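Asker: sequence? don't have it. structure:
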C-alpha cells in the first residue's frame, strides 16, 4: 500500500468498508519503511510489535465510522515523549532515556485511535535546519538523496514525503515544521502558540515551541489538528478558548479573501529565483480564484533573525541546565569532583550545535551583556509582533515563500552555522509573534519542491486551511511523488 | 564588538561546558561572526518599547490546590543511573576545592 495515493479520509473509508484492516495498514507501514528507510533514514526507533498489537486490537474493537483517525498509523518526532518508548531528541545526552509518561499530544492521538509506529530523526534538541545535527544518523530528502530534508523535523517530513506513513508530528520553534515541509513537498502547520499542549515536548525555547502535523494534503492536516488541539491543565500556556472543527468550511473558497504579500519577504535574501517565481504564480492563481492580493510591509523583518537567535538560545541555555549528569541522561565516566559530573557530562553528552546555542544564550543572559542582547531582543520581538498586528487589521492572511531556497546539498551549510541561521529569515518572525503559519507545496525549482507559507491571525488556523485547500484543489503539486534521485 | 578567547572561556564556565584549546579558537571566531549578525539590533530604536518575554497570552492560571497522585517513584528511578533507598547515587569523591563545586 502506497500511502502517497490515499488521503486519511480515503484510508478511513477503506477501513470502515472492510477493504483493508488496521493490521494491513500497519504492515504496509513497516514494509514501506523496510523498502525505503535504508535510503531515507527517517526513523530512529520502531515500535513494530506494540503497533501491530494495537492495530489488531483496533480491528477487533471495530473501526469507529465517526472517527476518521481511528486505526490509522502516525510517526512521532523524537523530542515528543512516548511512555516506554525510547525518546532521545537525537542526542547522546538522552541515548538511553525511556520516558515514564506520554506527551499530551500522544495521549490525545491515542484517544483518537491513532497508532504510533516509531520515533523520527531530527536535529539534536531541535536545533538546526537540516537534521545533520542528529547524534545518530543522517536523513536524506526523498526527492533527491544528496539533499537535506530540512530540519529540525527532517525525519517527520521525510517519512511522510517518502510515503512511509500518512502523517507525522513535528515541532516548530523557528521554522522546524514549515522549512522541512517546504523542502520535501509536504503540508506542515506551525499552530498558534498555545493551541497545542507542549506537555511532554522536550523543551527548547519555551516561549516559541509548538507541535504540529505533517501530512500530504491540507484536509488531512486539519483532521490531525482537530485531535491534538485544546487546553491542558499540565501546560498553563495553552489557550482556554474553544477549539473549532478545522475542516468546517474548508471548501468555501477564497472569494473576497484579502491576502497580504509582505514585500520584505520577497527581497534579496540570497534567494533562488525559482522559489519566488513559484509563489508569485500561486498569487496569480489566488486572484483568479477571487482573492484580493495586496502588498503590505513588515518593516522589522530584518531584526527577526538576531532577535530569534538570542531569545531561543537564551531559553535553551536555561532549559538545558536540567541535563546535569546526575538525575537522568548521560553521565561521564571520567569524573573526580562534583563540578566534573556537570561539566564533563554536558561537554561529552551535547553535540557541537547544542553547545554553540547554550554558549550564545548564556552569553546573552550574562551580567554586562543582558541589556544589549536579551533585553534588546525582547524589545525587537514586541516590534515584530506589532508589525503583524498592524497588517492583520487590513488583510486576512499573508503569503510568502516558506524558505529562500529549495533543499540544499547535504554538507552544504553544516560547517557555516551563521549561513544556517540566516536561512531561517522567513520563518522565525512567525514564532516570535506566536501566530500560526502553514507551508504547502506550490511548485518546483530545479526539480525540488517549493513551499508557500500562509501566515494567519492568532488562533485563526481555520482561514489558513481554507485558503490552502482552495489552492490545493486548483493544482496538483501535492499529488507528485518523490523521485529518490541521487544517492551514493 | 569583538570578543576574546578569555570571554569565551568565562561563558563556558558559566554554562558548565568545557572545550579543548583548539575548539576555543574556532569557537571564538564562530561566536564573533554570530555576534556581528546579532549587532544588527543595536541600530534599532526601542526607546519606550516594552520587551515581550512570553509566547502569546500573558495571564495567571489558577487551579484548586487539590492533591493528586503523582508518578510512581520507582518508575521515575528507572532513568537514574544508580539509586538506593529512593536516593540518587553519585560517584564517591573528594572535591579538590578549586572547581567551585
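Answerer: Yep, it's here. The structure displayed is predicted, hence computed values, not measured ones. Numbering: from 1, shown residues only, chains lettered A, B, ... in the order given.

Asker: could you find the closest non-adjacent residue to the closest residue to chain B within the stretch 251-400 of chain A?
Answerer: Closest residue of the stretch 251-400 of chain A to chain B, Cβ to the nearest Cβ: residue A:378 (3.1 Å). For the C-beta atoms, the positions are set from N, CA and C on the backbone; glycine is no exception. The shortest distance from residue A:378 to any non-neighbouring residue, by Cβ to Cβ, 6 or more residues apart in numbering or on different chains, is to residue B:51 (3.1 Å).

Asker: now residue A:321
Answerer: Nearest to residue A:321 is residue B:16, by Cβ to Cβ, 6+ apart, at 7.9 Å.

Asker: could you look up the SS state of that neighbour?
Answerer: coil (DSSP: H, G, I helix; E, B strand; the rest coil).

Asker: pretty sure it sits against residue A:342.
Answerer: Yes: using Cβ atoms under 8 Å, residue B:16 is in contact with residue A:342, at 4.5 Å.

Asker: what sits in contact with each of the two?
Answerer: Shared contacts of residue B:16 and residue A:342 (Cβ atoms under 8 Å, 6 or more residues apart in numbering or on different chains): residue A:324.

Asker: so, low pLDDT: which residues of chain B?
Answerer: B:93-101 (pLDDT under 70).

Asker: count the neighbours of residue B:65 for me.
Answerer: Neighbour count for residue B:65, taken as other Cβ atoms under 10 Å in any protein chain shown: 5.

Asker: before we move on, the earlier item: can you count the residues close to the residue of the stretch 251-400 of chain A closest to chain B?
Answerer: 22.

Asker: so which helix or strand takes in it?
Answerer: helix A:376-391 (DSSP states H and E).

Asker: after the lowest-mean-pLDDT helix or strand in chain A comes which helix or strand?
Answerer: Every helix and strand of chain A was ranked by mean pLDDT, DSSP states H and E. The lowest is helix A:417-422, at a mean of 92. Beyond helix A:417-422 in the direction of the C-terminus, DSSP H and E gives the next helix or strand as helix A:428-433.

Asker: tell me which residues are up against that next one.
Answerer: A:172-175, A:190, A:193, A:205, A:208, A:210, A:298, A:300-301, A:304-305, A:307-308, A:311, A:381, A:384-385, A:387-388, A:436-437, A:453, A:455, B:52.

Asker: what strands line up against the following helix or strand past it, and which way round?
Answerer: Remark: after helix A:428-433, the chain's next helix or strand is strand A:437-445, criterion DSSP H and E. Neighbouring strands of strand A:437-445 in its sheet, by DSSP bridges, are strand A:187-190 (antiparallel), strand A:448-456 (antiparallel).

Asker: can you pull the buried residues of the least confident helix or strand of chain A?
Answerer: If you call a residue buried by 16 or more other Cβ atoms under 10 Å in any protein chain shown, then helix A:417-422 has these buried ones: A:417, A:420, A:421, A:422.

Asker: what sits against residue 50?
Answerer: All of this refers to chain A. Residue A:50 sits in contact with residue A:85, where contact means Cβ under 8 Å, 6+ apart.

Asker: you answered for a different chain; I wanted chain B.
Answerer: Counting by Cβ under 8 Å, 6+ apart, residue B:50 has contacts A:379, A:382.

Asker: helix, strand or coil: sort out it for me.
Answerer: Under three-state DSSP, residue B:50 comes out as coil.

Asker: the one 5 residues further on too?
Answerer: Secondary structure, three-state DSSP: residue B:55 is coil.

Asker: give me the nearest residue to it, chain neighbours excluded.
Answerer: residue A:193 (3.9 Å).

Asker: number of residues surrounding residue 6?
Answerer: All of this is about chain A. Residue A:6, neighbours per other Cβ under 10 Å, totals 20.

Asker: my bad, the chain I had in mind was chain B
Answerer: Residue B:6, neighbours per other Cβ under 10 Å, totals 10.

Asker: quick check: which helices or strands does the one helix or strand it maps to pack against?
Answerer: Per DSSP H and E: residue B:6 is located in helix B:5-14. In this structure, helix B:5-14 packs against helix A:352-365, helix B:21-38, with contacts taken as 3 or more Cβ pairs under 8 Å, 6 or more residues apart in numbering or on different chains; DSSP states H and E.

Asker: ok, residue A:223 touching residue A:69?
Answerer: Yes: counting by Cβ under 8 Å, residue A:69 is a contact partner of residue A:223 at 6.7 Å.

Asker: any common contacting residues for these two?
Answerer: Residues within reach of residue A:223 and of residue A:69 at once, by Cβ under 8 Å, 6+ apart, are residue A:8.

Asker: what's the helix or strand for the spatially closest residue to residue A:110 that is not a sequence neighbour?
Answerer: Once flanking residues are discounted, residue A:110 sits nearest to residue A:102: 7.3 Å by Cβ to Cβ, 6+ apart. Under the criterion DSSP H and E, no helix or strand holds residue A:102.

Asker: packing partners for the helix holding residue A:378?
Answerer: Secondary elements touching helix A:376-391 (3+ Cβ pairs under 8 Å, 6+ apart): helix A:304-319, helix A:428-433.

Asker: so of those, which one's packed in deepest?
Answerer: Most buried of these by mean neighbour count (mean count of other Cβ atoms under 10 Å in any protein chain shown) is helix A:428-433; its value is a mean of 28.

Asker: re earlier: tell me which of residue A:223 and residue A:69 has more neighbours.
Answerer: residue A:223 (25 against 22).

Asker: for the helices and strands packed on helix B:5-14, which one ends up most surrounded?
Answerer: Greatest burial across the helices and strands packed on helix B:5-14, using mean count of other Cβ under 10 Å, falls to helix A:352-365, with a mean of 24.

Asker: could you look up the SS state of residue A:76?
Answerer: Under three-state DSSP, residue A:76 comes out as strand.

Asker: hey, what's residue A:258 bridged with?
Answerer: Going by DSSP bridges, residue A:258 forms beta bridges with residue A:292.

Asker: enumerate every residue touching residue A:117.
Answerer: Contacts of residue A:117 by Cβ under 8 Å, 6+ apart are A:26, A:29, A:30, A:33, A:46, A:47, A:48, A:51, A:73, A:74, A:75, A:165.

Asker: if we can go back for a sec, per-residue pLDDT, the residue of the stretch 251-400 of chain A closest to chain B?
Answerer: With respect to pLDDT, residue A:378 scores 97.
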